[in-house]
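Student: based on what follows, work out the 3D shape:
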Amino acid sequence: MKPLRNGKRYHSFKPDDPNSKNAIPRADKGQESSHHYWVWAALLAIILLTVAIRVRLLEVPLERDEGGYAYTAQLILQGIPPFAQVSAPHMPGLHYVYAVILLIFGQTTVGIHLGLLVMNAATVLLMFLLGRRLFDSTTGIVAGASYAIMSLSQGVQGFSANAEHLLILPALGGIFLMLRAIGSGRLRSFFGSGLLLGFALIIKQQGIFFVGFAGVYLFLSYFKKPRNR
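Tutor: All right, here's what the predicted structure looks like:
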């Protein structure tokens, strides 16, 4: 009990004192751990379900553009640079992504679609991480699930390894690294962010919108930071 102030006694308490009546309640560590496991279990279930659906699409014949990308990628693997023997209205990064896919998964229809499957699963994971970092785990799960469903839609040719699907992974990776760099101030993260966003741009020109978003976000975050006087 404290002395009188203005004729009234008052009680003091420490927020961390568990014996205080006014102590702030803390979440049970067991509940937090259980929630953590359920979140990752839900994310794993989303990715596995998406993989199960895409496995059935591995042998779908190549779409017209896929065939062109694959041919140029084969030339790259033979040591012939893009556009040396083929005229194509596409950014060079796309052909190099295809070359890496063919090199790792094989120069077949199944190999190309398997590469798309892996990149799509990684993109779902990144979508979750971004949602969790910006908001919370629930938002991350909803974001990841939403992308997984929409990227399978026939309206966006979800079964084809087109440029729109391939540029999302480095674009989101660049934005995620940018958010980490803003929090930590590490130059390596800023460099990695710029590298990934730049690569997204040379996969397809629509990557400029991700680069523009990152630039505006970085600009605004700079002015929101408290400055020492």
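Student: quick check: closest non-adjacent residue to the residue nearest the centre of the chain.
Tutor: Among the residues of the chain, the one closest to the centroid is Leu126, at 2.6 Å (C-alpha atoms, centre = their mean). Among residues not flanking Leu126 along the chain, Leu172 sits closest, at 4.3 Å (C-beta to C-beta, 6 or more residues apart in numbering). No exception for glycine: its C-beta is placed from N, CA and C like everyone else's.
Student: neighbours around Val51, how many?
Tutor: Other residues within reach of Val51, judged by other C-beta atoms under 10 Å, total 15.
Student: hmm, it is touching Ala122, no?
Tutor: No. With contact defined as C-beta atoms under 8 Å, Val51 does not reach Ala122; the gap is 11.5 Å.
Student: hang on, the earlier thing: what does the model give the residue nearest to the centre of the chain for pLDDT?
Tutor: As predicted, Leu126 sits at a pLDDT of 96.
Student: ditto for the one 4 residues further on
Tutor: The per-residue pLDDT reported for Leu130 equals 95.
Student: equivalent analysis for Lys29, please.
Tutor: The predicted local confidence for Lys29 comes out at a pLDDT of 59.
Student: same thing with the one 4 residues further on?
Tutor: For Ser33, the model assigns a pLDDT of 68.
Student: try Ala214
Tutor: Ala214 carries a pLDDT score of 94 in this model.
Student: so for the lowest-mean-pLDDT helix or strand in the chain, what gets flagged as buried?
Tutor: Counting by mean pLDDT, DSSP states H and E, the weakest-scoring helix or strand in the chain turns out to be helix 29-55, with a mean of 86. Using 16 or more other C-beta atoms under 10 Å as the test for burial, helix 29-55 gives Val39, Ala42, Leu43, Ile46, Ile47, Thr50, Arg54.
Student: give me the contact list for the helix or strand that it is followed by.
Tutor: On the C-terminal side of helix 29-55, the nearest following helix or strand under DSSP states H and E is helix 64-77. Contacts of helix 64-77 with the rest of the structure, by C-beta atoms under 8 Å, 6 or more residues apart in numbering, involve 62, 82, 84-86, 88, 90, 94-96, 98-99, 101-103, 107, 112, 160-162.
Student: just checking, what packs against the least confident helix or strand of the chain?
Tutor: Taking 3 or more C-beta pairs under 8 Å, 6 or more residues apart in numbering; DSSP states H and E as contact, the helices and strands that helix 29-55 lies on are helix 109-134, helix 137-150.
Student: need these in a markdown table with distance to Leu197, can you?
Tutor: Listed next are the helices and strands packed on helix 29-55 as a markdown table, based on distance: least, C-beta to C-beta, whole Å:
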| stretch | distance to Leu197 |
| --- | --- |
| helix 109-134 | 13 |
| helix 137-150 | 18 |
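Student: so which of these is nearest Arg186?
Tutor: helix 109-134 (15.6 Å; C-beta to C-beta).
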